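Visitor: got a sequence here, can you build the structure:
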Amino acid sequence: MIRVALLDDHPAVITGLTRLLEHTPDISVLASASDEVALARALGARRPDVLIVDYDVARGDALALCRRIKARRDPVRVLIYSAYASPGLAIAARVSRADGVVDKADPATTLVDAIRRIAEGDTVIPDVSHDDLAAASSRLDGADRPFLAMLLDGEPLDAIAETLRSDERDVARRTVRLVARLRPQLVADEWPRSSSFST
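Guide: Below is the predicted model of the structure:
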């Protein structure tokens, strides 16, 4: 049984996801909440296999949460579920060490398949074209481009710190700044598509 936890500040999404996953024989929902503190309380001592977290472009906190989780020993697998899925989010999610990104407009079967694959250890983040990567890189300083390449290659922070002759705290701070530059920004013509679970 794959145990999941849901973190989303839209009650309709939480309700829809819970109903969907309750009818999926190999997945169970341990807890759901609209914020991290409430989710931690609802989980108690239980540990999910996969955390499904909403990415809200206005807050951008899913990426920060993902980085914090992935800095722990034996971290939970993290799937970012977003109405803002884009090449920019895919790049930022990889840098933040997310295990998956699924668009809220995708069919429910896509989400269920991603949960299963992530629970098995796969990474389910859409491929990014060379042009999209070049566009993202153009927002960075020249010194940050090799750093981005190391992060996208999955280099551990301690290995990056050694390569850069720095320490892990500095690399972690630099990663935060990099993700802030890479993450999708909300503009008037990029309002999210409606979710398949919205009312």
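Visitor: the residue nearest to the spatial centre of the chain: helix or strand, and which one exactly?
Guide: The centroid of the chain falls nearest to residue 80 when counting by CA atoms, centre = their mean (3.5 Å). When elements are defined using DSSP states H and E, residue 80 is found to belong to strand 77-82.
Visitor: strand partners (parallel or antiparallel) of that strand?
Guide: Pairing partners of strand 77-82, with direction, according to DSSP bridges: strand 50-54 (parallel), strand 100-103 (parallel).
Visitor: hmm, back to that, beta-bridge partners for the residue nearest to the centre of the chain, please?
Guide: The partner list for residue 80 in beta bridges (DSSP bridges) reads residue 53, residue 101.
Visitor: biggest helix in this structure by residues?
Guide: With DSSP state H applied, the helix covering the greatest number of residues in the chain is identified as helix 168-182.
Visitor: distance from the chain centre to that helix, please.
Guide: Counting by CA atoms, centre = their mean, to the nearest Å, helix 168-182 is centred 16 Å from the centre of its parent chain.
Visitor: show me the contacts for the residue nearest to the centre of the chain.
Guide: With contact set as CB atoms under 8 Å, 6 or more residues apart in numbering, residue 80 has these partners: 53, 54, 55, 62, 63, 66, 89, 93, 98, 100, 101, 102. C-betas here are computed from N, CA, C, even on glycine.
Visitor: and of those, the nearest to residue 2?
Guide: The shortest gap between residue 2 and any of the contacts of residue 80 belongs to residue 100, at 12.9 Å (CB to CB).
Visitor: tell me how far stretch 39-56 lies from the chain's centre.
Guide: Centroid separation between stretch 39-56 and its chain, computed with CA atoms, centre = their mean, is 13 Å.
Visitor: likewise for stretch 114-133?
Guide: Averaging C-alpha coordinates over stretch 114-133 and over its chain gives two centres that are 10 Å apart (CA atoms, centre = their mean).
Visitor: now it: buried residues?
Guide: When neighbours are counted by 16 or more other CB atoms under 10 Å, the buried residues of stretch 114-133 are found to be 114, 115, 116, 117, 118, 119, 124, 125, 128, 132, 133.
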